[in-house]
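J.: Turn this into a model:
(2 chains)
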Amino acid sequence: MAVAVRVIPCLDVQDGRVVKGVNFTGLRDAGDPVELARRYDAEGADELTFLDITASSAGRQTTLEVVSRTAEQVFIPLTVGGGVRSAADVDTLLRAGADKVGVNTAAIARPELLAEIADRFGRQVLVLSVDARRVPAGSPVTGSGFEVTTHGGRRGTGLDAVRWAARAAELGAGEILLNSMDADGTRAGFDLELIAAIRAVVSVPVIASGGAGAAEHFPPAVAAGADAVLAASVFHYQQVSIGEVKRSLAAAGLPVRLAPGALAST
Amino acid sequence: MSRVTVLDYGSGNVRSAVRALERVGAEVELSADPDVAIEADGLVVPGVGAFAACMAGLHRVQAERILTERVRADRPVLGICVGMQVLFSAGVEHGVQTPGLGLLAGRVEQLKAPVIPHMGWNTVRPPADSVLFDGMAEDTRFYFVHSYAVHPAATGTGVRTTVAEHGEEFVAAVEAGPVSATQFHPEKSGDAGAQLLANWLGSL
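T.: Numbering: from 1, shown residues only, chains lettered A, B, ... in the order given. As a prediction, this is how the structure comes out:
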């Protein structure tokens, strides 16, 4: 058997609170990232990702406390991204209990940051997050037709997304989190063309994100070359469960990890 | 209750290992003191990142002496991830060979697979007499994250070897007298990892 396709829920965290999808039932405090992390763990999530969208430094301290509490209670890998600008930021997050750290905008401005992080902590901790879109009409063309964006997809950079992913993997990224800004929010399925284009140029794992709206959207993302799939709102709003995604992947003949075993959580 | 020391030599996130061991009932101390590490009922050697960097950290806490004395006294040791790799004779990363602690025969080399690092949950094939995997279902998965591994043919006789596959077969776990080790992270492998740690604690 082969390594399982990872199914990864992503939580947007602001000032230590989950900012969307707080309508989970049966939780004491659905805005508490730790409670949601435990819930996703119980549902069979293979990893968890926290995207910290906090602006203030006081809020960021709160996020660190949330990371610590999660790492002490949930025994699956935890990635934390959002606002990471230096190797020192990575160190702080790893010490708080993160297993991997997501880097995005800061690496676009200064690609050497990727090598600095990989040299110091190993490439296995470094997830490069790429927010990519098709180059809109009227903007400078790129070789692949895809460009990297910043500011949540609102600003194009003119940087070729496919070339950027390849360069980042060479510099030390251990994984590429590929977020399609065209598909994001459409719930019409993943951007398969984008996934295939990135898969063709990198040998590190690719996590596909953006566009998931139904369980049957996930197997084609893997067929296009994704090693893992990440989604936020479809899981938060309980439109699709992690179990349904895994059943859909398994029905397509893909390896998945079944729900946690017999040993009760303590 | 078993007293377990997690060797604190500056390698990454060790809190998860401490908490996962506490979860299955161990009394855990994080320590870099050689005497504490030698005397504990069980010693866990964690490890992430580069082989050479881990070896440098291990030298600073006199790991050779700690492990030699523990093995001589038949006291259990559990290596995790790079903490397993360093128990072998040597590691080769980026073309540079670094001597390991040499408790086990074999050289750690880059995995030959289309996608590297090997990252995620994979199945393993333990031998029938394995203690670590006792009572676990065949399709149980554990969380791996590594680019280097030992080829199964390299481990010597008397070593109970568990294999896994990513591009090629590699050593996923070893059990040899008091020395046990896993290439995957039991502390990040949910309930399956807890079961493995409980099995190890039960052998102390």
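
J.: Can you get me a residue count around residue 196?
T.: In the absence of a named chain, this looks at chain A. A:A196 has 15 neighbours, counted by other CB atoms under 10 Å in any protein chain shown. In this view, the C-beta of every residue, glycine as well, is placed from N, C-alpha and C.

J.: wait, chain B
T.: Neighbours of B:L196 (other CB under 10 Å): 28.

J.: For my notes, confirm it occurs in a helix.
T.: Yes. Looking at B:L196 with DSSP: H, G, I helix; E, B strand; the rest coil, it is inside a helix.

J.: Would you check that it makes contact with B:F133?
T.: Yes. B:L196 lies in contact with B:F133 (CB atoms under 8 Å); the separation is 6.8 Å.

J.: now the helices for the chain?
T.: Going with chain A. Assigned by DSSP state H, chain A shows helices spanning A:33-43, A:57-73, A:87-96, A:105-109, A:112-121, A:161-171, A:192-199, A:218-223, A:233-236, A:242-251.

J.: try chain B instead
T.: B:15-23, B:34-39, B:51-60, B:63-72, B:82-85, B:190-202.

J.: Below-threshold pLDDT in chain A: ranges please.
T.: Scanning chain A for pLDDT under 70 picks out A:1, A:20-30, A:259-266.

J.: Show me what from it comes close to chain B.
T.: Neighbours of chain B within chain A, by CB under 8 Å from any CB of the partner chain: A:1-6, A:41, A:46, A:71-72, A:75-77, A:94-95, A:97-99, A:121-125, A:174-175, A:203-205, A:227-228, A:257-258, A:260-263, A:265-266.

J.: ok, now which ones touch the residue nearest to A:R120 when sequence neighbours are not counted?
T.: Nearest in space to A:R120, with sequence neighbours left out and distances taken as CB to CB, 6 or more residues apart in numbering or on different chains, is A:A87 at 5.4 Å. By CB atoms under 8 Å, 6 or more residues apart in numbering or on different chains, the residues touching A:A87 are A:L113, A:E116, A:I117, A:R120, A:F121.

J.: repeat for A:A228
T.: Contacts of A:A228 (CB under 8 Å, 6+ apart): A:V5, A:R6, A:V7, A:I8, A:D46, A:E47, A:P205, A:V206, A:I207, A:A208, B:G120.

J.: what pairs with the nearest residue to the fifth one once chain neighbours are set aside across the strands?
T.: Counting by CB to CB, 6+ apart, the nearest residue to A:D46 once its immediate chain neighbours are dropped is A:R6, at 4.0 Å. Here A:R6 shows beta-bridge partners A:A228, assigned using DSSP bridges.

J.: State the distance from A:R6 to A:V148.
T.: Plainly put, A:R6 is 24 Å away from A:V148 if you go by CB to CB, to the nearest Å.

J.: Please report the distance of B:V131 from B:A198.
T.: 11 Å.

J.: Counting neighbours around each, name which of these two comes out higher.
T.: Taking neighbours as other CB under 10 Å, B:V131 and B:A198 compare with B:A198 leading, 18 against 14.

J.: And for the residue in chain A that chain B sits nearest to, the neighbour number?
T.: Closest approach between chain A and chain B, counting by CB to the nearest CB: A:G122, at 3.7 Å. When neighbours are counted by other CB under 10 Å, A:G122 registers 22.

J.: Can you pull the phi/psi pair for it?
T.: The phi and psi torsions at A:G122 (degrees, to the nearest 10) take the values phi 90, psi 150.

J.: so who does the nearest residue to it once chain neighbours are set aside touch?
T.: In this structure, A:G122 finds its nearest non-sequential neighbour in B:G49, 3.7 Å apart by CB to CB, 6+ apart. Taking CB under 8 Å, 6+ apart, we find B:G49 in contact with A:F121, A:G122, A:Q124, A:V125, B:S11, B:G12, B:V82.

J.: Buried residues in stretch B:21-40, which are they?
T.: B:L21, B:R23, B:V24, B:A26, B:V28, B:S31, B:A32, B:V36, B:A37, B:I38, B:A40 (16 or more other CB atoms under 10 Å in any protein chain shown).

J.: related to what we said a few turns ago, any chance of the contacts of A:A228 in CSV, with distance to A:Y237 too?
T.: Listed next are the contacts of A:A228 as CSV, based on distance: CB to CB, whole Å:
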residue, distance to A:Y237
A:V5, 22
A:R6, 21
A:V7, 16
A:I8, 17
A:D46, 20
A:E47, 20
A:P205, 27
A:V206, 25
A:I207, 21
A:A208, 19
B:G120, 26
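
J.: ok, of the residues you listed, which come out buried?
T.: Judged by 16+ other CB under 10 Å, buried ones among the contacts of A:A228: A:V5, A:R6, A:V7, A:I8, A:D46, A:E47, A:P205, A:V206, A:I207, A:A208, B:G120.
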